[in-house]
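**Q** mind folding the following:
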Amino acid sequence: MAVPATVMTTTAFTSSRKPLLLRLSTLVGLWGLLALFGIAAGYQDALASLERWDSQGWFLTFSAQLMLIGLLILPWLQWRFEPAEGQSFYTVFYHRNGVNALTLLAVVIANGLFWLILLLWAKLFEMVDITLFNKIFFDSGWFFAVVTGAISALTVILTQHQAKRMAAIQNLLTLLASWLLPLLSLLTLSFIVVLPFVGLERLSHQLSAAGLLNCLALMSLFLVVIVFGPERNVQRYPSGLRYLIYVSILVLPLYALLASWALWLRVDQYGWTPERLYAVLITCITLVWTIGYCVSLLFNRHDPFRLQDKVVPGVFLLMLIFLILLRTPLLDVWKISVNDQMSRYQSGKITAEQVSLYLFSQAGKRGQQALQTLQQDEKFMATPQRRQELNMLLAPRGKMDSAVTQAQLKDNVDVMPADVHPDAQLWVAIGKEQYLSMACLRSKEECLLVSQDLNHDGQPEWVLYQFTQGTAVIYRHTAQGWTMAGESRKFPKSLTKDELLNALGQNKVLTVKKEWDDLSIFGERLKVDYYDTGER
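**A** Prediction:
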């Protein structure tokens, strides 16, 4: 939260001439808004049951949304606290958004370069066995928050005092956008002309169709906003290019409608997910924006972008509303997705195999409740593989984070031949493979440990068969103890523990010499991994 809060406060209040009490009350209101987002996130319980790498992704998304909220709020705050004499609201809104975007870019570059220097600093001293700097820079959360906030604030203040340079950069970017807009308009018209000849059927088979269509439409809209600013210099281009741009804008609603259709197909087939809900919100913004521009072009021919000063702020306000709702229970994307998946399964629209347990595992408290409901469903738990996966997801984190003990494995894993007893170190090696060993604790029918000489050296290896996943893991003894030597994931279909015991009793579990050999160059063996050669 350090970066968005710092950027918002230093940008909006440092140079304002408004009374101090008004600025402080507004600042308290902003921090209250951030606190409400934090409370809403806690209510959603999005971090429950997430692994460390998943929680980092959640925090990254959360901070990005806060940053966007800050950027969308800023122009209104700046208009309120630093009104420009003789300029309309949209002129100020346009220029402020441009400066704020460049300021954010400068903040990102400054932080990136600063942390790159700190990384180089830490690595250089690590070369001489001094790890103090690495611990300070990268192992202490307070250092990251304080330093990033300070660098961001200094960068914002610096950019605020470089108004002429920022304006020059804006002019350069506007020039680049004016070159790119005709090319993008040509692409827009070319695709929409070709589409009727190839048919919509091909779009329905593309997973990224809605994303690509929305991306093209939004890129066109942003370039139009940049090129045709408040001055509305519609004579910037020759008449041919100008009408090409106008026609491309008129067909942009078709892209939004096609994206809506593609999304509806996916939702109807597979139900709601957080990504599809985000895509729907983006499509709504694209549709509103494109329709607003079309209305302006069709009904104001002499001033085609006369309504731009109402359409663009309105669209930005809609974005702000959506972003705020996403951090409240009113638009909880995980809750909507979990409820939809459960209702589709319970109504018979999807089978047990089509239920996304991964989605539930990422949905926090709501997902855990759905998993517990499925655990009581006899039909869902009928398949051993689903039962194991569900039980693994519901296992307490502390139990998953610790190695399985020797006593637990001995009580749950049968050994063949029965008169051969594995040593303690083998059980320790098996217990370290948590996912495999935890599966063996579900039932005595899950695993079987078999002693067999696989390399014909007179010293038997051990093979741990796990029937739900259809895997066989081979352990061999070395100078360092028991280690994993290999594995196979090509079980005969529906092989059970009883069938394997029967095969062992009939001496039908044999070793097979591989058909394809390795190479040897001057007596040094060159191991070869073959492909598409059948069983080896």
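**Q** the nearest residue to residue 446 once chain neighbours are set aside and residue 519, how far apart?
**A** The shortest distance from residue 446 to any non-neighbouring residue, by C-beta to C-beta, 6 or more residues apart in numbering, is to residue 440 (5.2 Å). For the C-beta atoms, the positions are set from N, CA and C on the backbone; glycine is no exception. Look at residue 440 and residue 519: by C-beta to C-beta, to the nearest Å, they are 38 Å apart.
**Q** so these two - more neighbours on which side?
**A** Shown here are residue 440 and residue 519; by other C-beta atoms under 10 Å, residue 440 has more neighbours (24 against 9).
**Q** that one and residue 498, how far apart?
**A** Computed with C-beta to C-beta, the distance linking residue 440 and residue 498 is 17 Å.
**Q** where do the helices sit along the stretch 351-500 of the chain?
**A** Remark: helices assigned in the stretch 351-500 of the chain by DSSP state H, counting those that start in this stretch are 357-361, 364-375, 384-394, 397-401, 406-412, 424-432, 434-440, 497-505.
**Q** ugh, wrong one, I meant the stretch 201-350 of the chain
**A** Counting by DSSP H, counting those that start in this stretch, the helices of the stretch 201-350 of the chain are 201-204, 209-227, 239-270, 274-299, 308-326, 333-347.
**Q** in JSON lines, list these along with distance to residue 436, mean neighbour count and mean pLDDT.
**A** Below are the helices of the stretch 201-350 of the chain laid out as JSON lines (distance: least, C-beta to C-beta, whole Å; neighbours: other C-beta atoms under 10 Å; pLDDT from 0 to 100):
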{"stretch": "helix 201-204", "distance to residue 436": "41", "mean neighbour count": "12", "mean pLDDT": "75"}
{"stretch": "helix 209-227", "distance to residue 436": "38", "mean neighbour count": "20", "mean pLDDT": "93"}
{"stretch": "helix 239-270", "distance to residue 436": "31", "mean neighbour count": "18", "mean pLDDT": "92"}
{"stretch": "helix 274-299", "distance to residue 436": "31", "mean neighbour count": "18", "mean pLDDT": "93"}
{"stretch": "helix 308-326", "distance to residue 436": "39", "mean neighbour count": "17", "mean pLDDT": "92"}
{"stretch": "helix 333-347", "distance to residue 436": "28", "mean neighbour count": "18", "mean pLDDT": "91"}
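**Q** adding distance to residue 466, write those helices out as a markdown table.
**A** Below are those laid out as a markdown table (distance: least, C-beta to C-beta, whole Å):
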| stretch | distance to residue 466 |
| --- | --- |
| helix 201-204 | 40 |
| helix 209-227 | 39 |
| helix 239-270 | 30 |
| helix 274-299 | 33 |
| helix 308-326 | 41 |
| helix 333-347 | 27 |
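**Q** can you check which of those gets nearest to residue 525?
**A** helix 274-299 (48.2 Å; C-beta to C-beta).
**Q** that closest one: how far from the chain's middle?
**A** Distance of helix 274-299 from its chain centroid, counting by C-alpha atoms, centre = their mean, to the nearest Å, is 23 Å.
**Q** repeat for stretch 97-109
**A** On the basis of C-alpha atoms, centre = their mean, stretch 97-109 sits 24 Å off its chain's mean C-alpha point.
**Q** under the pLDDT cut-off, which ranges of the stretch 351-500 of the chain? List them.
**A** Counting by pLDDT under 70, the stretch 351-500 of the chain has low-confidence residues at 385, 395-405, 493.
**Q** could you point out the longest helix of the protein?
**A** Across the chain, the longest stretch assigned as helix under DSSP state H is helix 89-126.
**Q** buried residues, the helix or strand just after it. List them.
**A** Using DSSP states H and E, the helix or strand that follows helix 89-126 in sequence is helix 132-138. Residues of helix 132-138 classed as buried by neighbour count (16 or more other C-beta atoms under 10 Å): 133-134, 137.
**Q** next, the angle from the following helix or strand past helix 132-138 to helix 89-126.
**A** Using DSSP H and E, the helix or strand that follows helix 132-138 in sequence is helix 141-160. Put simply, helix 141-160 runs at 140 degrees to helix 89-126, going by axes from the mean of the first three to the mean of the last three C-alpha atoms, to 10 degrees.
**Q** contacting residues for residue 310?
**A** The neighbours of residue 310, taking C-beta atoms under 8 Å, 6 or more residues apart in numbering as the test, are residue 292.
**Q** for residue 320, see how far away residue 25 is.
**A** Relative to residue 320, residue 25 is positioned 21 Å away (C-beta to C-beta).
**Q** now residue 240
**A** According to C-beta to C-beta, residue 240 and residue 320 sit 38 Å apart.
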